[in-house]
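> Below is the sequence, then the predicted model.
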Amino acid sequence: DQQVKQNSPSLSVQEGRISILNCDYTNSMFDYFLWYKKYPAEGPTFLISISSIKDKNEDGRFTVFLNKSAKHLSLHIVPSQPGDSAVYFCAAHDTGGGNKLTFGTGTQLKVEL
Amino acid sequence: DGGITQSPKYLFRKEGQNVTLSCEQNLNHDAMYWYRQDPGQGLRLIYYSQIVNDFQKGDIAEGYSVSREKKESFPLTVTSAQKNPTAFYLCASSIERGRLGNYGYTFGSGTRLTVV
């Protein structure tokens, strides 16, 4: 049972335009959400996070939006740059799960010149 | 500089052999994790440990074993019982038992295991 879903395995965007990566979840006990960025043959690195008590968090070119009623979050990257080309994982923390994170399947973003 | 070191980066194993993947951290983190990445399946939790001398099975623990004798180290053994061991393995850590911290996990750079 996939509790965190990223339904788009890939996304292609032109440089300078907006990239929108989506993530849906089913567990209402998730209280904290994170986005990680991963390059091939490397470990994921933290990008941005949001608490369930907020609906938006912004950090430079990256903004994460959370819609709790829809159990949906999205990552916006504006403007997109070629160096943003990577796999993006959505992750969620369960209040009753200790430190465990549940990851989505990832979205491969390609930013084209 | 603090971080997590996984070794080796590439590992080849013959069928029927056990192999151990190393994970060492100097971040003074209490909790450590092992994930496996397969194409189209994201990151799946194998084992995790929230404190020394204690660990729990994750979602796909069959065919794997771990130990946590030291806070800094969390080695993963892929046994011959693991039916499909070829994958990219990621080790991670987080700051404190029961707390996640703002940044969630710190990941190592991974080990690519290939069965030949």
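That came through fine.

> Apart from its neighbours in sequence, what residue is nearest the one residue in chain A that gets nearest to chain B?
When scored by CB to the nearest CB, chain A has A:Gly43 as its residue closest to chain B, at 3.3 Å. For the C-beta atoms, the positions are set from N, CA and C on the backbone; glycine is no exception. With CB to CB, 6 or more residues apart in numbering or on different chains as the criterion, A:Gly43 has its nearest non-adjacent residue at 3.3 Å, and that residue is B:Phe107.

> Tell me, how many residues neighbour that neighbour?
23 (other CB atoms under 10 Å in any protein chain shown).

> Return stretch A:102-113 as PDB; C-alpha atoms alone will do.
Extracted C-alpha coordinates of stretch A:102-113, given in PDB (Å, rounded to 0.1, in the frame of the first residue of the first chain):
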ATOM      1  CA  THR A 102       7.700   7.300   4.000                       C
ATOM      2  CA  PHE A 103       9.000   8.200   0.500                       C
ATOM      3  CA  GLY A 104       7.200   8.500  -2.700                       C
ATOM      4  CA  THR A 105       8.400   6.900  -5.900                       C
ATOM      5  CA  GLY A 106      10.100  10.000  -7.200                       C
ATOM      6  CA  THR A 107       9.700  12.300 -10.300                       C
ATOM      7  CA  GLN A 108      12.500  12.700 -12.800                       C
ATOM      8  CA  LEU A 109      12.700  16.400 -13.700                       C
ATOM      9  CA  LYS A 110      14.400  17.400 -16.800                       C
ATOM     10  CA  VAL A 111      15.000  21.100 -17.400                       C
ATOM     11  CA  GLU A 112      15.800  21.800 -21.100                       C
ATOM     12  CA  LEU A 113      17.700  24.700 -22.600                       C
END
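
> near chain B, anything from that stretch?
Yes: using CB under 8 Å from any CB of the partner chain, stretch A:102-113 reaches chain B at A:103-106.

> From the chain's centroid, how far away is that stretch?
9 Å (CA atoms, centre = their mean, to the nearest Å).

> Averaged pLDDT, it. What do you get?
Averaged across stretch A:102-113, the pLDDT comes to 95.

> and B:Lys70, how many neighbours does it have?
B:Lys70: 11 neighbours (other CB under 10 Å).

> Could you check the pLDDT of it?
96.

> hey, what's it bridged with?
Under the criterion DSSP bridges, B:Lys70 forms beta bridges with B:Ser73.

> contacting residues around residue 42?
I went with chain A, as the question did not name one. Counting by CB atoms under 8 Å, 6 or more residues apart in numbering or on different chains, A:Glu42 touches B:109-110.

> meant chain B actually
A:6, A:89, A:103-106.

> okay if I get the residues you listed as CSV plus neighbour count, secondary structure and distance to A:Thr63?
Compiled in CSV, these are given as follows (neighbours: other CB atoms under 10 Å in any protein chain shown; DSSP: H, G, I helix; E, B strand; the rest coil; distance: CB to CB, whole Å):
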residue, neighbour count, secondary structure, distance to A:Thr63
A:Gln6, 20, coil, 17
A:Phe89, 25, strand, 17
A:Phe103, 24, strand, 21
A:Gly104, 25, coil, 18
A:Thr105, 22, coil, 22
A:Gly106, 25, coil, 20
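
> about what we covered before: which helix or strand contains the residue of chain A closest to chain B?
Using DSSP states H and E, A:Gly43 falls within no helix or strand.
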